[in-house]
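> Pasting a predicted model and its sequence here:
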Amino acid sequence: MFHDFQGTEPQFGEINILLFGSDSRGEEHARSDTLMIAHYNQNTHSMKIASIMRDTYVDIPGHGMQKINAAFAFGGPELVRKTIKENFDVDINYYAVVDFEGFSKIVDIVAPNGVEVDIPYEMSYGIGMTLHPGKQILHGDKLLGYVRFRHDRLSDFGRVERQQEVVSKIKEQAVSVHSLVNLPKILGVADPYIDTNVDTPTILSIGKGLIAGKSKSMESIRIPVKDSYENETVNVGAVLKIDINKNKQALKDFLASTEDESNTSQ
């Protein structure tokens, strides 16, 4: 548990949770492999997901310009929280770190029927398995391979797209197959695989709200947004050099928008 996290108290029923996917949760200096902000509105029961590309070049407090995924290695969730506040002026309330072994287990708990995907081409390099093209239902380990693969023509952009697709489909299935009475059991089984400071009453409240509002689709956005960055190579390697003001505004607008507005996914 990262005890120094200093997230703000949620305001107006809106909760921002930093979601991290990490290759090695126990390792001292592991970088975050996946970084998302889950935004939940307790009044409308709607959830949104903002993915921040791992190579986004930002100012990390105390460390200068770096790839944003380095912030997790330098100072855990708290430094990522500070980095997001400084660069994008967004307040984060909580965090959750899921290691990749845990992801497989949690998916099988909350989405027992698996998740249907349409694989465009064979995926094998770097994921320890071979996934063949076509529509199919994937469970834990194979679904993890699908969201981790990044050796395609879209590189990390394709991977972020797949991550958002899978999170949305897991949420859809979870709220359709589970009832309120399942929630405590699910939390108990998932607990060993998640390091989070979200307290159980808040998790239960979110879970109940998502089940109550299960028909709501989940909006998503990717940072940097389209036409707001350049690929550059600097002292820390290949980075996405972003128009910070354009992306700050896009993220704030996305998190502030109402459920009636159209999907602002980029």
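Cool, the structure landed.

> Can you read off the backbone torsions of the residue nearest the centre of the chain?
Taking C-alpha atoms, centre = their mean as the criterion, residue 36 is the residue nearest the geometric centre of the chain, at 3.0 Å. The phi/psi pair for residue 36 (degrees, to the nearest 10) reads phi -130, psi 160.

> State the pLDDT value of it.
Note for residue 36: predicted pLDDT of 96.

> Provide a complete list of residue ranges assigned to strands in the stretch 151-266 of the chain.
194-196, 219-223, 229-234, 237-242 (DSSP state E, counting those that start in this stretch).

> Out of those strands, the one nearest residue 72 is which?
strand 194-196 (11.9 Å; C-beta to C-beta). Just so you know, the C-beta spots here come from the backbone N, C-alpha and C atoms, and that holds for glycine as well.

> Run through the neighbouring helices and strands of the closest one.
strand 94-99 (3 or more C-beta pairs under 8 Å, 6 or more residues apart in numbering; DSSP states H and E).

> what's the strand it packs on in contact with?
Here strand 94-99 makes contact (C-beta atoms under 8 Å, 6 or more residues apart in numbering) with 2, 5, 7, 15-25, 77, 80-81, 106, 193-198, 202.

> which regions of this protein sit below the pLDDT cut-off?
1-3, 23-30, 215, 257-266 (pLDDT under 70).

> mind listing the helices in the chain by residue range?
Assigned by DSSP state H, the chain shows helices spanning 70-88, 100-110, 140-148, 155-177, 183-190, 200-212, 244-256.

> who touches residue 42 in this structure?
Residue 42 sits next to 10, 13-15, 205-206, 209 when contact means C-beta under 8 Å, 6+ apart.

> at 10 Å instead, please
Residue 42 makes contact with 10, 12-15, 202, 205-206, 209 under the criterion C-beta atoms under 10 Å, 6 or more residues apart in numbering.

> With residue 5 instead?
The neighbours of residue 5, taking C-beta under 10 Å, 6+ apart as the test, are 18, 76-81, 92-95, 196-197.

> what's the closest of the residues you listed to residue 49?
Of these, the one sitting nearest to residue 49 (C-beta to C-beta) turns out to be residue 18, at 11.7 Å.

> Look up the closest residue to the closest one, ignoring the ones flanking it.
Leaving aside its sequence neighbours, residue 18 sits nearest to residue 95 (C-beta to C-beta, 6 or more residues apart in numbering; 4.2 Å).

> same deal with residue 176?
Closest to residue 176 by C-beta to C-beta, 6+ apart is residue 214, at 6.2 Å.

> and if you look at residue 120?
Using C-beta to C-beta, 6+ apart, the closest residue to residue 120 is residue 133 (6.3 Å).

> Check residue 32 too.
residue 72 (3.8 Å).

> ditto for residue 80
residue 71 (4.6 Å).

> And for residue 237?
Using C-beta to C-beta, 6+ apart, the nearest residue to residue 237 is residue 67, at 7.3 Å.

> Surely the one you found and residue 236 touch.
Yes - between residue 67 and residue 236 there is a contact at 5.9 Å, judged by C-beta atoms under 10 Å.

> okay, and the common contacts of these two?
Listed as contacting both residue 67 and residue 236 by C-beta under 10 Å, 6+ apart are 55, 57.
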